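need a structure here:
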Amino acid sequence: MNSVRKNIHFDLIINVLKDVPSKEFLINIVQSQADNLSSADDKLVNEIADEINCLGVDDAAEKYNEEYLKLFSQPSQFSTIPVASYYLDEKKLLYSDISLRLRDLYADFLFQVLPPYTEDHIVPLLVFMNEIDKSKKDQFMDDYIYSWVPEFLEQVIEATNYKYFSNSAKIIKNII
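Here you go, the predicted structure:
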């Protein structure tokens, strides 16, 4: 896979789960379309690019922004549950001992979680993961990402009608 395509796949992980997609990122996806598809993930990226082309970049950015809020950041309207406690706590709580452990871990690194997120929401988990060094990242991923994100991504796939989110979730599942 060429470096542009590889970067698009990695960027999907960060951009899809962490923040609303920028117009620039959507343009990069469209420009990355390959004529010779080298993997199933390339096909998924091309489907996203086709969707962006059909909607137009401006409309896609607006629709994806609304969908992102629905999927990831409006707790009263979640169509998915982007919170580790729900998956890792046997009582399926949205705030649990896991949240408290993460709060303590974040404090050790002077990492601050800002509203509207809780400590174990996917957004601060990904932001924190990107800020810690490699020696701690693997254990953090084992403890707080790999154990629940695949199930969460299944919810994303089922909850959205947009290829941007469903195909990105499939790509992320393939990577992790």
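
where does pLDDT dip in the chain?
Residue ranges of the chain with pLDDT under 70: 1-15, 32-38, 74-78.

so what are the domain limits for it?
Here the domain assignment for the chain is 3-78+160-175, 84-148, based on automatic domain parsing.

tell me the most buried of those?
With neighbours taken as mean count of other C-beta atoms under 10 Å, these reach their highest mean count in domain 3-78+160-175, at a mean of 17. Bear in mind the C-beta positions are built from the backbone N, C-alpha and C, glycine included.

on that earlier part again, would you format the domains of the chain as CSV with distance to E154 included?
Below are these laid out as CSV (distance: least, C-beta to C-beta, whole Å):
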stretch, distance to E154
domain 3-78+160-175, 8
domain 84-148, 11
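
surely P150 is in contact with I176?
Yes. Counting by C-beta atoms under 8 Å, P150 touches I176, with 6.6 Å between them.

start to end distance for stretch 20-39?
26 Å (C-alpha to C-alpha, to the nearest Å).

same check on stretch 87-99?
Where stretch 87-99 begins and where it ends lie 12 Å apart, using C-alpha to C-alpha.

please apply the same query to stretch 91-111.
This stretch, stretch 91-111, spans 27 Å end to end (C-alpha to C-alpha).

number the residues from 559 up from this point.
All set: I'll call the first residue 559, so the last point we hit is now stretch 649-669.

show residues contacting it.
Outside stretch 649-669, the residues that touch it by C-beta atoms under 8 Å, 6 or more residues apart in numbering are 639, 641-644, 646-647, 670-671, 676-678, 682-683, 685-686, 689-690, 702.

can you pull out the helices in the protein?
Remark: helices assigned in the chain by DSSP state H are 561-576, 581-589, 598-613, 615-626, 642-646, 655-666, 680-689, 692-702, 707-717, 721-733.

what about the fourth one, distance to the chain center?
In this case it means helix 615-626. Centroid separation for helix 615-626 versus its chain: 16 Å, with C-alpha atoms, centre = their mean, to the nearest Å.

got a list of contacts for it?
Contacts to helix 615-626, defined as C-beta under 8 Å, 6+ apart, come from residues 577-581, 584-585, 588, 609-610, 613, 718, 720, 722-723.

residue contacts, L613?
Contacts of L613 were listed using C-beta under 8 Å, 6+ apart, and they are K621.

what about it, distance to Y622?
In this view, L613 and Y622 are 9 Å apart by C-beta to C-beta, to the nearest Å.

cool, and V671?
24 Å.

do T638 as well
As for T638, its distance to Y622 is 15 Å (criterion: C-beta to C-beta).
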